[in-house]
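Novice: here is a sequence together with a model predicted from it:
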Amino acid sequence: MKFTSLCENHLFQKAYRGGKKAPAHRIVLYVLADKKANLLKKRHPLKRKVNRIGITVSKKIGGAVQRNRAKRIIREAYRCLEKEYSVKKGYLVVIVARESIAGAKSTEIYSELVSAARRGGLIQ
RNA sequence: GGACCGAGCUGUGCUGUCGCGCGGUAUGGCGCCGAAAGGUAUUACCGUGAGGAAAGUCCGGGCUUCACAGGGCAGGAUAACGGAUAACGUCCGCCGAGGGUGACCUCCGGGAAAGUGCAACAGAAAAGAACCGCCAUAGCAGACUUGUCUGCUACAUUGGUAAGGAUGAAAAGGCGAGGUAAGAGCUCACCGGCAGUCUGGUAACAGCCUGCAAGUGUAAACCCUAUCCGAAGCAACACCCAACGGGAGAUGUCGGCCCGACAGUCAGAUCCCACGGGUGGCACAGAGCCUGUCGGCAACGGCAGGACAAGAUAGAUGACAGCUAUGGAGAAACCGCCGUCGCUAUGCGCCGUCGGUAUCUCUAACAGAACCCGGCUUACAGGCUCGGUCCAAUG
RNA sequence: CUGGGUGUGGCGCAGUUGGUAGCGCGCUACCUUGGGGUGGUAGAGGCCGCACGUUCAAGUCGUGUCACUCAGA
């Protein structure tokens, strides 16, 4: 499964301002309805709605190795989330790593992401 | 055995489940997205996928573009000598200086007899020095050997000196002897400096001999000398699609300046305003790596053979679990060697170092390609190999 | 990728041809006041980001390095 990535800075800004915020110990989740969801559905080869995912890892986390690991763990956790639950589609999802993510396992992040997604309204 | 020195290599592995980038084959499709250029779904299989520093971006190149790029000034870099190299500020060798008992290590290590500047405080004086002093000189007194010696005073004058003077980082070669009115490289020995001949060496330089006496330090102060350097960087740059609108406008074309060359001056170079998207560059192959051999003290070079496919663009190379794998640390247990001590002494016991066996626990360095190479620097848990030095010992 | 800048008392900053490290705020003690503030006097507090070097002498000069920060494409 391929992710549709979020890369424009203004979309991040919109998600921070207008999105639903669901903080946890090691991550913060922002969810916002995607205005271009229908356009993306049209462009998608299988005509599915998708969520656009953005992962933010600041330099506070550490060097390139630590930041890459944080991104991988978060991506893995989100992948498990889509696999286990029926995630609502058509949203901008921004996941921000906090400084305490150093040394965490992906299963721990996964459980935090599940509760955060429940509060953010992505899953029941 | 202990303490070191130098060089090189290495940088956990395996299994299971899930997952990612790129390439290929098959499947699938002739659609879909987009204004266009262009891109391309799904599924399966195969192949492949981070480093010694990928890092810092400190040097040097390749490559690309810039009047097809030319001259001068300015500016920058380097700094004993010889070599290696595409090149270097790198590497090798060697010289000199310094450190270490030694293996060996460290050094921005040209020029101060071309010029300018600076040297606080202290000190007479901090760079073509003369304040005090010493001596000559003048006067007086004394002694006697009757023209010498000693002492005192004056330094008003003139001259000779640089021995001594509380300083300072540094005081005009050092030190000893001779010498002198007093002194002084004035003379001599030793040491140091400079110049020259000769010898050795490609050279820096070293050695011997002869001669000379110039007057401090600082060029990581300006500077001088020699050599080298055009500028920018893959967000370079080339091409394609869209747009071709509005405004400024006489200069623009690579940096600071000048010259030269080219383009342009209203059919208007160029700049600004709004603005992209895509493809190539760019992932096959080299100044590269490994092995052998020859040349060379070595860096390195010649020849022969061999292996080789990361290529993203919010950025893949992973997540989780397990292991009688691997390394390290610790714990207690057993066995063995050696040593000390004690005793009821050809043995036993206690303690210690080292090694081995199996068990348990903990731990796994620094760190992530982004156009590509050669170096440098910095970070780093450990492990392995080779060569060498010093000390102790000789069963 | 390229080019700059800054690290000095707790905080904000000075410090030029190298020669005793300073200013303001803050802090401490004392005086002033019935008490506090204000005011006054005195004082403490610095390996000048780190390392090596040049020099008689380094905050200053050179090289390396670490951290922070700005600008441009």
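Specialist: Perfect, thanks for sending it. Numbering: from 1, shown residues only, chains lettered A, B, ... in the order given.

Novice: helices of chain A, start to end?
Specialist: Chain-ordered helices for chain A, with DSSP state H as the definition, fall at A:9-18, A:37-43, A:64-84, A:106-120.

Novice: wait, which of those is closest to residue A:26?
Specialist: Put simply, out of these the one that sits nearest residue A:26 is helix A:106-120, at 6.0 Å, with distance taken as CB to CB. For every residue, glycine as well, the C-beta is placed using N, CA and C.

Novice: is RNA strand B contacted by that closest one?
Specialist: Yes: remark: helix A:106-120 sits within contact range of RNA strand B at A:106-107, by CB under 7 Å from any atom of the strand.

Novice: which one of the helices of chain A lies nearest to residue A:97?
Specialist: Nearest to residue A:97 among the helices of chain A is helix A:64-84 (4.6 Å), distances taken as CB to CB.

Novice: mind putting the helices of chain A into CSV with mean pLDDT, mean neighbour count and distance to residue A:97?
Specialist: Written out in CSV, the entries for those read as follows (pLDDT from 0 to 100; neighbours: other CB atoms under 10 Å; distance: least, CB to CB, whole Å):
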stretch, mean pLDDT, mean neighbour count, distance to residue A:97
helix A:9-18, 76, 14, 14
helix A:37-43, 65, 13, 25
helix A:64-84, 85, 16, 5
helix A:106-120, 86, 18, 9
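
Novice: correct me if wrong: residue A:86 contacts residue A:123.
Specialist: Yes: between residue A:86 and residue A:123 there is a contact at 7.1 Å, judged by CB atoms under 8 Å.
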